[in-house]
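Q: Pasting a predicted model and its sequence here:
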2 protein chains.
Amino acid sequence: MQASAAATRRDRQRVSTVAEIKAAAWADMRRSGPHGISLRAVARELGMAPSALYRYFASRDDLLTALIIDTYDELADALQAAYDQTRQDNSSNAADTFVTVAQSYRRWALDNPLRYQLVFGTSIPGYTGTDQTTAASLRSSAILLRIMRDMVDERAVDLAAVDRLMTDDLAQRFGAWSEATQDHLPRAALMAAMLCYVALHGAINLEVNHHFPQPLSGSDDFFATTMRAVVDRISVGRTSVNRSSSPSG
Amino acid sequence: MQASAAATRRDRQRVSTVAEIKAAAWADMRRSGPHGISLRAVARELGMAPSALYRYFASRDDLLTALIIDTYDELADALQAAYDQTRQDNSSNAADTFVTVAQSYRRWALDNPLRYQLVFGTSIPGYTGTDQTTAASLRSSAILLRIMRDMVDERAVDLAAVDRLMTDDLAQRFGAWSEATQDHLPRAALMAAMLCYVALHGAINLEVNHHFPQPLSGSDDFFATTMRAVVDRISVGRTSVNRSSSPSG
DNA sequence: GACGTTATGTGAACAGTGTTCACATAAAGA
DNA sequence: TCTTTATGTGAACACTGTTCACATAACGTC
């Protein structure tokens, strides 16, 4: 009887094989696009029969789901790292942190377009397993909500102004959401977070999918300015001014 | 020799067959998802040999590209109709028109999720033919720019404020874009349009792909309020106030 | 009208795919 | 040592997109 971490040798072999399969699948995807993954190609690369893969993944879609979950985790790691690094530099406020984390989000998406498209594109044809994938996405959104918590604590969010935007229906919906969360962010803060997230997602998604107009392609400033603008929209005492040529630096 | 419109009977037969193929492809997609389209299934549905389809489309990807282009046109038609209808009601200003057109955009996307995902998801594995598809997308963006033109004419956009947001690099990029367009919209107006478009795309894309938090699922108000907020962000004399429970009505 | 040309459709074939199944074999636990 | 369990094999099935030689029907032209 060994320690439960190492477990039996066969167990260790198993996780190693699973990792190999995933690695080969990523390599295959790098060649054939997000949906061009082929079980047989993966099996060929590992030098085993195609049917052997079914000992590790119940189907091709299951393999894709595993890759999606890993990708969510990877994104969350990137965001968490950016958050931690910016926060420990205690000269910057929460609004700056948001812009920095948003930029690292974009950087990750542009550096890993395949991973991004796998997660935020039309993932799986019959997309089952929505339970697992949405659970995996929670870590990323938790980081964004954490930043909003910081902003609220710093009195940086104009909660009254955002509240004034909401209809009765919206106030009720965000109120319900607020009560469902652990740390009860004010409903206006959740609305503010959604406003930021919508802009963040829209900008990145358009850019990764090449839906940007030519003159903006590859512009770091546009994204930074957009994030600045939206965070300014929900801030107290809107004082956005002209910044030097590279606001990301 | 007949009129060039009707052309020969064979030509008429051809466009009819093309239409039938597309219709069968849409039906197939309704069953098997955006990427589950099968040439053989389409051929089976039309009662013809699979190889016969190659007389009409050079490949499966070509068929998909045709569907994408048709979809872009369909979306542009929906936006154009919303624009025309709102503008002829000359009591509403351009900012209202933007919100209305944005809502019809969202409505179209929610009513036709497959079409939407086909265009804005990870379209074609090796996505060739970007030339044709981007050309087809121009009609839709032209409508949004047209609304921005209306807003500028109504002095509704705070061009100075938006200009103050831009870095030197951005000012140059948007300046180049402005000179490249037909009616020379001020660079700040183009930036303002992009800010609106980013929010519009982000909100719709998240909702269609089910990336919204539970309490917001199916909320018309959230989208309307978000669009209001972003258009207010770039407007002169920001006067956004609480509206009645259904701002879309 | 008849005649060559062009467009359209057929069926077989090829290479590839995901998935299943009966079977072998190596490792693990009793 | 013996039984159970996990892992791997190879053949098979039912698909897929695509190509090719071949037939046929409609067309433009003489």
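A: Everything's here; your move.
Q: alpha carbons only for contacts and neighbour counts from here, please
A: Fine.
Q: Would you quantify the distance from residue A:200 to chain B?
A: For residue A:200, the distance to chain B (CA to the nearest CA, to the nearest Å) stands at 7 Å.
Q: need the contact list for residue A:175.
A: Residue A:175 makes contact with A:186, A:187, according to CA atoms under 8 Å, 6 or more residues apart in numbering or on different chains.
Q: before we move on, which element is it in?
A: Here residue A:175 sits within helix A:168-180, counting by DSSP states H and E.
Q: May I have whichever helix or strand comes after that helix exported as PDB, CA atoms only?
A: Once the chain leaves helix A:168-180, the next helix or strand it forms, by DSSP H and E, is helix A:187-208. Written as PDB, here are the backbone C-alpha positions of helix A:187-208 (Å, rounded to 0.1, in the frame of the first residue of the first chain):
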ATOM      1  CA  ARG A 187     -26.200  44.800  -7.200                       C
ATOM      2  CA  ALA A 188     -24.900  47.900  -8.900                       C
ATOM      3  CA  ALA A 189     -21.300  46.500  -8.600                       C
ATOM      4  CA  LEU A 190     -22.400  43.300 -10.400                       C
ATOM      5  CA  MET A 191     -24.000  45.400 -13.100                       C
ATOM      6  CA  ALA A 192     -20.800  47.400 -13.400                       C
ATOM      7  CA  ALA A 193     -18.800  44.200 -13.700                       C
ATOM      8  CA  MET A 194     -21.000  43.000 -16.500                       C
ATOM      9  CA  LEU A 195     -20.600  46.300 -18.300                       C
ATOM     10  CA  CYS A 196     -16.800  45.900 -18.100                       C
ATOM     11  CA  TYR A 197     -16.900  42.200 -19.000                       C
ATOM     12  CA  VAL A 198     -19.100  42.800 -22.000                       C
ATOM     13  CA  ALA A 199     -16.700  45.300 -23.500                       C
ATOM     14  CA  LEU A 200     -13.700  43.100 -22.600                       C
ATOM     15  CA  HIS A 201     -15.200  40.100 -24.300                       C
ATOM     16  CA  GLY A 202     -16.400  42.000 -27.300                       C
ATOM     17  CA  ALA A 203     -13.100  43.600 -28.000                       C
ATOM     18  CA  ILE A 204     -11.100  40.500 -27.600                       C
ATOM     19  CA  ASN A 205     -13.500  38.300 -29.500                       C
ATOM     20  CA  LEU A 206     -13.700  40.600 -32.500                       C
ATOM     21  CA  GLU A 207      -9.900  40.900 -32.600                       C
ATOM     22  CA  VAL A 208      -9.100  37.200 -32.300                       C
END
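Q: Show me the contact partners of helix A:187-208.
A: With contact meaning CA under 8 Å, 6+ apart, helix A:187-208 is reached by A:102, A:106, A:109-110, A:113, A:144-145, A:148-149, A:152, A:157, A:159-160, A:162-163, A:171, A:174-175, A:177-178, A:212, A:217, A:223, A:226-227, A:230-231, A:234, B:198-203, B:205-206, B:226.
Q: Could you tell me how far it lies from the centre of the chain?
A: Centre-to-centre, helix A:187-208 and its host chain are 12 Å apart (CA atoms, centre = their mean, to the nearest Å).
Q: how about the helix or strand following it as PDB, C-alpha atoms only?
A: Later in the chain than helix A:187-208, the nearest helix or strand by DSSP H and E is helix A:220-233. Provided in PDB are the C-alpha atoms of helix A:220-233 (Å, rounded to 0.1, in the frame of the first residue of the first chain):
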ATOM      1  CA  ASP A 220      -2.600  47.600 -28.200                       C
ATOM      2  CA  ASP A 221      -3.800  51.100 -27.500                       C
ATOM      3  CA  PHE A 222      -7.300  50.500 -28.700                       C
ATOM      4  CA  PHE A 223      -7.900  47.800 -26.300                       C
ATOM      5  CA  ALA A 224      -6.400  49.600 -23.400                       C
ATOM      6  CA  THR A 225      -8.300  52.800 -24.200                       C
ATOM      7  CA  THR A 226     -11.600  50.900 -24.500                       C
ATOM      8  CA  MET A 227     -11.000  49.200 -21.100                       C
ATOM      9  CA  ARG A 228     -10.100  52.600 -19.700                       C
ATOM     10  CA  ALA A 229     -13.300  54.100 -21.100                       C
ATOM     11  CA  VAL A 230     -15.600  51.400 -19.800                       C
ATOM     12  CA  VAL A 231     -14.100  51.400 -16.300                       C
ATOM     13  CA  ASP A 232     -14.300  55.200 -16.300                       C
ATOM     14  CA  ARG A 233     -17.900  54.900 -17.200                       C
END
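Q: ok and helix A:220-233 relative to helix A:187-208, angle-wise?
A: Angular relation of helix A:220-233 and helix A:187-208 on a 0 to 180 degree scale: 170 degrees, by axes from the mean of the first three to the mean of the last three CA atoms, to 10 degrees.
Q: quick one: is helix A:220-233 near chain B?
A: Yes - Helix A:220-233 reaches chain B (CA under 8 Å from any CA of the partner chain) through A:221, A:222, A:225, A:226, A:229, A:233.
Q: buried sites along the helix holding residue A:175?
A: Neighbour counts over helix A:168-180 (16 or more other CA atoms under 10 Å in any protein chain shown) mark A:169, A:170, A:171, A:173, A:174, A:175, A:177, A:178 as buried.
Q: Looking at those residues, spot the one nearest residue A:45.
A: residue A:177 (47.1 Å; CA to CA).
Q: So, low pLDDT: which residues of chain A?
A: Low-confidence segments of chain A (pLDDT under 70): A:1-7, A:123-130, A:238-249.
Q: Please tell me how far the residue of chain A found nearest DNA strand C sits from DNA strand D.
A: Nearest to DNA strand C in chain A, going by CA to the nearest atom of the strand, is residue A:38, at a distance of 3.1 Å. For residue A:38, the distance to DNA strand D equals 13 Å [CA to the nearest atom of the strand, to the nearest Å].
Q: same thing with residue A:226?
A: For residue A:226, the distance to DNA strand D - CA to the nearest atom of the strand - is 40 Å.
Q: tell me the contacts of that residue?
A: Counting by CA under 8 Å, 6+ apart, residue A:226 touches A:199, B:195.
Q: Distance check, it against residue A:81.
A: For residue A:226, the distance to residue A:81 (CA to CA, to the nearest Å) stands at 22 Å.
Q: what does residue A:156 give?
A: 23 Å.
Q: Comparing the two, which residue is more hemmed in?
A: Neighbours per residue (other CA atoms under 10 Å in any protein chain shown) separate residue A:156 from residue A:81, with residue A:156 holding more: 19 against 14.
Q: The more buried one and residue A:233 touch, don't they?
A: No - applying CA atoms under 8 Å as the test, residue A:156 and residue A:233 come out as separate, 11.2 Å apart.
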